[in-house]
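>>> Test case, fold it:
(one chain, ligands or ions: 2)
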Amino acid sequence: MQKTIGVLTSGGDAPGMNAAVRAVTRAAIEKGFKVIGIRRGYNGLLNGDVFEMNARAVSDIIQRGGTEIFTARCKEFKDWEYVLKAKDKCVELGISGIVVIGGDGSFRGAADLSKAGIPCVGVPGTIDNDIQCTEYTIGYDTAMNTVMELVDKLRDTSHSHERCAVVEVMGRNAGHIALNTGIACGATAILVPEVAYDIEKDVIAKIKEGQAAGKEQFIVVVAEGIGGTEEIAKKIEAATGVESRATILGHVQRGGSPTVRDRVMASEMGYYAVELLEKGIGNRVIGLQNSKVCDFDIQEALSMKKPFNERLYKIANEISL
Ligand code: ADP
Ligand code: F6P
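Ligands and ions are numbered 1, 2, ... in the order given. Reported below is the predicted structural model:
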């Protein structure tokens, strides 16, 4: 009998998720599987909100941001009772394996469902690049390019008014977007949750130094995990006299057409996930290590630590005079 695999996207969307869905679908069809698209993450699995996908179902989506099969956060899935319901649904639909595209939480669900008897493989999709086992997550590059474009625009107006732009970028627990876009945009200071900071020493003193050296406009990038962006702008203005404006970039960072890097990574990781399911292997998550696509046991992946790039942070500080 023809085997069936399912594909779903879960948690916050990320540009490149569509490219991953496309790769999974086409690779699976090529290998002789039937493919079921599951809408709205684990919710769709519980509700049977599914549809059969053929190669044409994923035409014209590689270039689109977001996820055409929708995404959701499903609280119930943390309860074993619901994992078992999802397993029963898979049996009913004849699904023998699922590719789960999402972040850490989504992988916990994939591990649980694997334990219940349905092999699942996780593909890392989140703009935050905060998944421990992988150097790269799908959506990260597109999001950073979006931030760079927007901060460049802010720079124009900050320059004209000789102001300080305090920009909050996404990253609930991780400063990867902030660090890299801060460097790319020539920020005077970058605040990230991984490094303790002192507003006087690490921000205000640097702006004063810049003023003394004739600098007229400043950019401070703040990761979402730090919070208090408006207050930081007020403190800077009060202490330095430089008019300061806070801008919270928000969800615009999650949209847009994926970059080459995201489309290619999504295609390679999606293909690799299907290769694992073809061999009957589940409870794995795909990662990139030393620029090579590889896979890990989900529990092992979730317990790994991802080092923050201290050297890049040091460089950012030293060249931001
Ligand atoms: P985000 O960081 O954008 O929320 P995640 O991939 O971490 O993305 O998604 C979290 C979602 O994963 C949850 O809302 C839920 O739908 C799903 N999930 C399934 N099982 C679990 C679990 N055991 N623990 C946490 N989240 C889970
Ligand atoms: O995990 C991706 C992310 O964009 C975080 O950077 C951000 O904190 C969060 O999702 C926002 O999620 P929501 O969709 O609930 O606003």
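>>> ok, now how distant is the residue located most distally from the centre of the chain from residue 293?
Among the C-alpha atoms of the chain, the one farthest from their average position, using C-alpha atoms, centre = their mean, is that of residue 212, at 39.0 Å. The gap separating residue 212 from residue 293 is 49 Å, by C-beta to C-beta, to the nearest Å. (C-beta placed from N, C-alpha, C; glycine too.)
>>> Residue 9 too?
In this view, residue 9 and residue 293 are 19 Å apart by C-beta to C-beta.
>>> Of these two, which one has the most company?
The neighbour comparison of residue 9 against residue 293 (other C-beta atoms under 10 Å) goes to residue 9, with 31 against 16.
>>> doesn't residue 97 fall inside a helix?
No. The assignment for residue 97, made by DSSP: H, G, I helix; E, B strand; the rest coil, is strand rather than a helix.
>>> check contacts around it.
3, 5-6, 118-121, 277, 280, 282 (C-beta atoms under 8 Å, 6 or more residues apart in numbering).
>>> Next step: those residues restricted to strands.
Among the contacts of residue 97, the ones falling in strands (DSSP state E) are 5-6, 120-121.
>>> in which helix or strand would I find residue 180?
Taking DSSP states H and E as the definition, one finds residue 180 inside helix 176-184.
>>> gap between stretch 134-148 and the chain center?
Mean-position distance between stretch 134-148 and its chain equals 7 Å (C-alpha atoms, centre = their mean, to the nearest Å).
>>> do the same with stretch 126-145
In terms of C-alpha atoms, centre = their mean, the centre of stretch 126-145 is found 4 Å from the chain centre.
>>> Next: stretch 233-249.
The offset between the C-alpha centroid of stretch 233-249 and the centroid of the whole chain comes to 29 Å, using C-alpha atoms, centre = their mean.
>>> and the single nearest residue of the chain relative to ligand 1, how many neighbours?
With C-beta to the nearest ligand atom, the shortest gap between the chain and ligand 1 falls at residue 11, namely 2.1 Å. Around residue 11 there are 22 other residues, counting by other C-beta under 10 Å.
>>> Could you find the closest non-adjacent residue to it?
Leaving aside its chain neighbours, residue 11 sits nearest to residue 102 (4.2 Å; criterion: C-beta to C-beta, 6 or more residues apart in numbering).
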